[in-house]
Structures are given as structure tokens and as C-alpha cells.
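[1] requesting a structural model of the entry that follows:
(chains A and B)
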Amino acid sequence: MIEIQHLQKTFPTSDGAFTALDDVNLTIRDGDIFGIVGMSGAGKSTLVRCINLLERPTSGHVVIDGEDMTALSPKALREKRRSISMIFQQFNLLMQRTCLDNICFPMEIAGVPKAKARLRARELLETVGLPDKADAYPAQLSGGQKQRIAIARALASNPKVLLCDEATSALDPTTTRSILRLIQDINKRLGITVIVITHEMAVVEEICSHVAVLEHGQVMETGTVEEVFSNPRSEAGRRLVFPDGVSLDQFPVARVVRVVFNGGSSYEPLIASLAIDCGVKVNILGADTRNIDGKAFGSMLLGLPQDNTEAAKAMNYLKSCHDVTVEEVQDYHG
Amino acid sequence: MDKFIANLTDALSNSALWAEFRAGIWETLYSTIVATFVACILGLVLGVLLVVGEKDGVRPLPAPVMRVLNFVINILRSVPFLILMLMVLPLSALLLGTSIGTLASIPPLIIASAPFVARLVETSLREVDKGVIEAAQSMGCSPFQIIWKVILPESKPSLIAGATTAFITILSYGAMAGAIGGGGLGKIAINYGYYKYNYAVMLIAVIFIVILVQIFQSLGTWLAVRSNKQLTRTRRRKKRKSK
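    Coordinates of the predicted model:
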């Protein structure tokens, strides 16, 4: 378990101290894939660097499995870091070493005998799907392949925690997906706790179980991905979940309702059923829904018919639906 | 002009002169190689200290130590070589028992070029990606391991290129040393060209120096490019062509 307690980090700048992290409290359970999401400049990278103390917090504690990282001696900290691996946006491979030697590097540092390290490195190349790249140099690989080698290197020390700092931000969408699959697979098979730092909600949606939304160095909200996606409570959360907002276009309607999907089956055609079962035609003014593991999340703005009885019928129908909440939008200016 | 041609034909057929050239080339080579070797070791140590010792370096050193180090390097670099050489000659006399000859020119060459090499090394080491160093730290590397296993190997191609530059600079310093009793091709050029107005011999000595520079520069560039695994094969070929 990773407990982040009252974490504070300020950087001295020419015009006063800049607060990068402001009283951050988080608990990350073993085996979770925990997303930390926020816009650039929110303090995500500083936060993840405070976890393995690449950045020393100004105050507060980072407790990993009962051990306070901030209290460790330099030597004990180096020892502890071997159980917390990290991958980066720019991969940070050693450019003058072959892939195999890159993967051997953490073992070399830890004093693992060379023959044993090479054997394990070859296994890890298999794990990340690049068994034929042992003797290639990083410059000869694509971005996705480099990140796979970086992941193999990160796994070489048998870590308990994997920190991913914008690990897919330099990759194209297809490669991103395949790297995320690999990380998910590693989490499931090896039970490694994964902390994913990203500015992309899509990444969180793809693999995370829990998420914390960070803004101006503060945690605005935290919860399971389902909770935060279905009903973001903070302004920052809403902005991230619905980046374009739910657009209110011009429609000649009297009443507008917001329908929020809380994870019902995405295969149930709600609007079509409404039309068939009640004979009421509603106008879709805007929608932002997404499918997470076959469940529908998000919200939809519906314009109800002018006729009061028809509108009421539609409201009742919607209210009776499972996993859907309905609320009337008062401040809608059509 | 007639005198030049007469000198030239004379020089080309004078076997005693050619023996002198052979000795000169040998003296130049060995003083340059020895001085470069020692200067590179000293410069490497100083350069590493300059980079890892700064405030947010891998192994910060006390600020006063860094200030003194920078000050001494700057002082040694700002004294013109010929003057520094004169100042250091007593040291040669003390160490080697003589302040004249090829051997005596080696200590001043080292002292004059080590700070220069230190700055070259500093530049090379700073080129190492901060992210790679951070990655090494995140794996639990000690400062010494980062220097030895990350910073130095990652900057190896650049260090080789720097050593080449150092070699050529020391070669030209060595030629200058000919003016104040040093040996080698520089001495021949100055003795014949400056004191005896025999420009033909001076020209030949200079041509030999140019050839030496060309050979060592090509060799150094070739080694630097070959050792750089960051360049893919096609880019390597292009880079070699452009040099």
C-alpha cells in the first residue's frame, strides 16, 4: 500500500515560492492501477517524483508498505527504489547500450551475476514481445518498441510498484493502446501496483481502476474510475471527462432534461425504446457518452416535446429506467 | 624566389635534413601523445567534478570547492600558452632536471591543456540526457555508478571527439614550444624559417604538421562516429561525409 500524507512541494522561483503540490493525500492499494490525471502544470509529474523521492517533498510523508520514504538514509532509499520502477515519456534508455544490456542494467546495479541477468533479460524480452531485439540499439527502434524495452528494464528488478510518467504521451493511438494492454497484463499477471500519470482521460478509461484528479497541485476528487466518469463532482473532473462540454445548441424545445448514464448496459437503446414504448419523440441536443467495459457512462441532453403530457410521459419513462438518472435543466437557454 | 627554389632543391636532397625531420616527427608525436594522454586523464577528472559537483548535479560538492575549481581552470585557460610555458619551465627543471628539449616541454603542455580538456569534457558530459540520469537514479544507482555506468559511457563518442580536438590543440602548442627550447617539428620550422630565413624547410615542416593533424583528425572522427550507437547506419554514413 502506498500512502501519501499531507504532501507539500514548493519550488523557489525568482518571484516567490511556487507551490507545485498542496496538501496531497492519497491511498493506493496493492494491485491497483491508479490513475493520476490532470492538465499540464497540475503537478502530476512532481507528485510521481515525490513517490520515489526523485523530488524531495517540502513536507509530508510518502509511506510505502509501512516504510516512510522521506525518513530513509540515502543508501536505504537506493535499496528501496529497486522495488519501485519507473517508465518515462521519453523512454530514457541508455543509447550506447544494446536492448539486452539496457534490461540488464538494473540487475547490474543490484549486483546480479552477469549470466543470470542475461538469462532474465531474455525472458523479459519475451514478456514484452521483442525477443529478436536483444542486440539492437535503442536508436534502431520505434517509439513503441523503446517503451517496451523500458518496461522490460523496469521489470528486471522485480518491482512491487511501477510508476508510469506520461508513458504513452509520445506514442500514436494504436501504439498507446498496445502499451496500455501490456501494462494491464503485467498488473494482472505479476500483481504489480501501477501508478499512471497522464493528461489523457482516455488512458485512465482504458486501464485504471481508480483515479485522482489533480489541479493546481491539489487533489480535486478521487474515486473509482466508474464513479468519477459517471458523475464527476469537481469542476476539474467535469472538464476532463467532458472536455468539450455538453453543447447546448439551438433547438425549439420547451424543456430540457439531462440524462446521466451510470453504467447500465450500453447495448440498451434508450432513446429508441422511448420512442417505441411511449410514442414520444425526443430531441438529442448533445451527448457525451462512453463505453467502459461494456457499460455506458456519460450524459445526454434531451429536448422534450412541447406537449406537457407527452413530456411527462417521457420523464416517467426515463425515471423508471435502470442506471439512469434524470434531472431537469433549469438554466438552459435555447 | 630563386633562393626559395634553391633551398627547396637543396632540402629535398639533403639526407641530414631528412634525418632531422624524422627525429622531429617522432619528437612531436611522442610529446603530443604523452601530454594528451596525461591531460585527458586530468581533464576527465576535473570535467567530471565540474558536472557532478554543481548544485543540482549527481553528487553536489560544497559551493566554495566548485568556485575554486572554476577559478583555477579559468585562470590557467586565460594565460597565453607561451607565457604559461615560460612560467612552468622551472617545474620541468625540478621534475626532469632540464628545461630544454622535447621532454621538458611535456609538463607545461599538460598544465596548459588539462584545463582546456576539462572544459571539453564538461561540455560532453552535459550533453547526456537528464532523463537518462533520472532513470538511473530511479533504479537506485549510487552517484559513483551514475558517473561510471551512465554519464561516461553515454558520452563516450563525444569524449572521443573531444580527445581528438585536445590532441590537435596540444600538437599546435607543442609546435609553439619550439620557440623556447622545445623539440619537434615546431623547432625545425622556427630554427630554419625564423632564424635562418630558410622558408623551404619551414614549409616542409609545416606540411608535416598539417599531415599529422589530418591523420589524427580523421582517425578521431572515425572512432567517434563508429563508437556512437545512437547513430543508425545511414545517418552515420551521412555524418562521416559531412565532416
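
[2] all contacts plus neighbour counts: C-alpha atoms, from now on.
    OK.

[3] element containing the spatially most central residue of chain B?
    Chain B has B:Ala166 as the residue nearest its centroid, 2.4 Å off, counting by Cα atoms, centre = their mean. For B:Ala166, the host element (DSSP states H and E) is helix B:156-177.

[4] next, the angle helix B:156-177 makes with the helix ranked longest in chain B.
    Ranked by residue count under DSSP state H, the longest helix found in chain B is helix B:15-52. In terms of direction (axes from the mean of the first three to the mean of the last three Cα atoms, to 10 degrees), helix B:15-52 departs from helix B:156-177 by 130 degrees.

[5] tell me the pLDDT of the nearest residue to B:Cys40 once chain neighbours are set aside.
    Nearest-residue entry for B:Cys40: B:Val117, 6.3 Å, with adjacent residues in sequence omitted and distances by Cα to Cα, 6 or more residues apart in numbering or on different chains. We note a pLDDT of 97 for B:Val117 in this prediction.

[6] show me the contact partners of the helix or strand that comes right after the longest helix of chain B.
    Sequence order places helix B:63-78 as the next helix or strand after helix B:15-52, per DSSP H and E. By Cα atoms under 8 Å, 6 or more residues apart in numbering or on different chains, the list of residues contacting helix B:63-78 from outside reads B:Leu50, B:Gly53, B:Glu54, B:Lys55, B:Leu84, B:Ile111, B:Ala112, B:Pro115, B:Phe116.

[7] quick check, the fifth one in a strand?
    No - under DSSP: H, G, I helix; E, B strand; the rest coil, B:Leu84 sits outside any strand and is assigned helix.

[8] quick one: pLDDT of it?
    For B:Leu84, the pLDDT comes out at 87.

[9] how would you label the residue nearest to B:Cys40: helix, strand or coil?
    Secondary structure for B:Val117, judged by three-state DSSP, is helix.

[10] residues in contact with stretch A:258-274?
    Contacting residues not belonging to stretch A:258-274 are listed as A:226, A:230-231, A:280-282, A:289, A:291, A:294-302, A:314, A:317-318, A:322-329 [Cα under 8 Å, 6+ apart].

[11] can you do 7 Å?
    A:230, A:280, A:291, A:294-302, A:322-329 (Cα atoms under 7 Å, 6 or more residues apart in numbering or on different chains).

[12] what about these, which are in helices?
    Cross-referencing these against helices under DSSP H gives A:Ser230.

[13] among the contacts of stretch A:258-274, the buried ones, what's the ChimeraX command?
    ChimeraX command restricting the contacts of stretch A:258-274 to the buried ones, with burial defined by 16 or more other Cα atoms under 10 Å in any protein chain shown:
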select /A:230,280,296,297,298,299,300,301,302,324,326
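
[14] quick one on the thing from earlier: and the residue nearest to the centre of chain B, how far is that from chain A?
    23 Å (Cα to the nearest Cα, to the nearest Å).

[15] what's the closest non-adjacent residue to that residue?
    That would be B:Val117: by Cα to Cα, 6+ apart, it lies 6.3 Å from B:Ala166.

[16] wait, what's in contact with the one you found?
    B:Val117 sits in contact with B:Ala39, B:Cys40, B:Gly43, B:Ala166, where contact means Cα under 7 Å, 6+ apart.

[17] so who does the closest residue to chain B within the stretch 51-200 of chain A touch?
    In the stretch 51-200 of chain A, the residue found nearest to chain B is A:Arg78; the distance is 4.1 Å by Cα to the nearest Cα. By Cα under 7 Å, 6+ apart, the residues touching A:Arg78 are B:Gly140, B:Cys141.

[18] and the gap between it and A:Glu3?
    As judged by Cα to Cα, to the nearest Å, A:Arg78 and A:Glu3 stand 19 Å apart.

[19] so which residues of the stretch 101-250 of chain A form strands?
    A:161-165, A:193-198, A:210-215, A:218-224 (DSSP state E, counting those that start in this stretch).
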